[in-house]
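Q: after the sequence you'll find the predicted model.
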Amino acid sequence: MTEKIKDIVTQIDREIRKEKSFDFHVISYDGCRLTIAGSTDLTYYHKLEIIFDDVFFVSGVFGGWHSDTERVVFSLPDNEKDLNQKFEIEQGYELFIFKADDYKNDFIIAAKTLSFNTDTVFYYDRRDLKENERIS
């Protein structure tokens, strides 16, 4: 695992934990790229997109989940070797974990790379968009 990936994971978790709570849902998956959106209000917009590329494995609910930001929400697993063996993850993939309050199990993703953006993406037509705002 590279320092770059560790830094990105830390930045994403910091962004999430700026809020009192955060909700997530999968907005797209094309067999290779998985995009998860997060916000305090997924009814009208999201303000965080986490993009996983070259996805090998996903274990979680695509419909959505809630996370308490009092503790770490997005992280790299401490037991990576055990999870790699349990889920038969091929070498070269990184494991990422979302803590979900509404489910017993964590949302686990194995992918080669990840990125994120903090654009506000509205789910309705809106005029006069500002910088870093767009329509879904």
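A: All right, it came through fine.
Q: and the closest residue to Lys6 other than its chain neighbours, how far is that from Leu42?
A: Leaving aside its sequence neighbours, Lys6 sits nearest to Leu76 (CB to CB, 6 or more residues apart in numbering; 6.8 Å). Using the backbone N, CA and C atoms, a C-beta is placed for each residue, glycine as well. When distance is defined by CB to CB, to the nearest Å, Leu76 is 25 Å away from Leu42.
Q: do Tyr124 as well
A: Distance from Tyr124 to Leu42, by CB to CB: 13 Å.
Q: what do you get for Asp68?
A: Distance, Asp68 to Leu42, by CB to CB: 16 Å.
Q: ok, now Lys18?
A: On the measure of CB to CB, Lys18 and Leu42 end up 16 Å apart.
Q: so the two - more neighbours on which side?
A: The neighbour count for Lys18 versus Leu42, taken as other CB atoms under 10 Å, is higher for Leu42 (18 against 10).
Q: where along this structure do the helices fall?
A: 3-16, 80-87 (DSSP state H).
Q: ok, which of these comes nearest His46?
A: helix 3-16 (11.8 Å; CB to CB).
Q: what's the neighbour count on Tyr45?
A: 20.
Q: before we move on, what about Phe57?
A: 16.
Q: let me see the contact set for it.
A: 87, 89, 93, 108-110 (CB atoms under 8 Å, 6 or more residues apart in numbering).
Q: so what's Met1 scoring on pLDDT?
A: Looking at Met1, its pLDDT reads 60.
Q: mind giving me the ChimeraX command for buried ones among the contacts of Phe57?
A: Buried members of these can be picked out in ChimeraX with the line below, counting by 16 or more other CB atoms under 10 Å:
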select :89,93,108,109,110
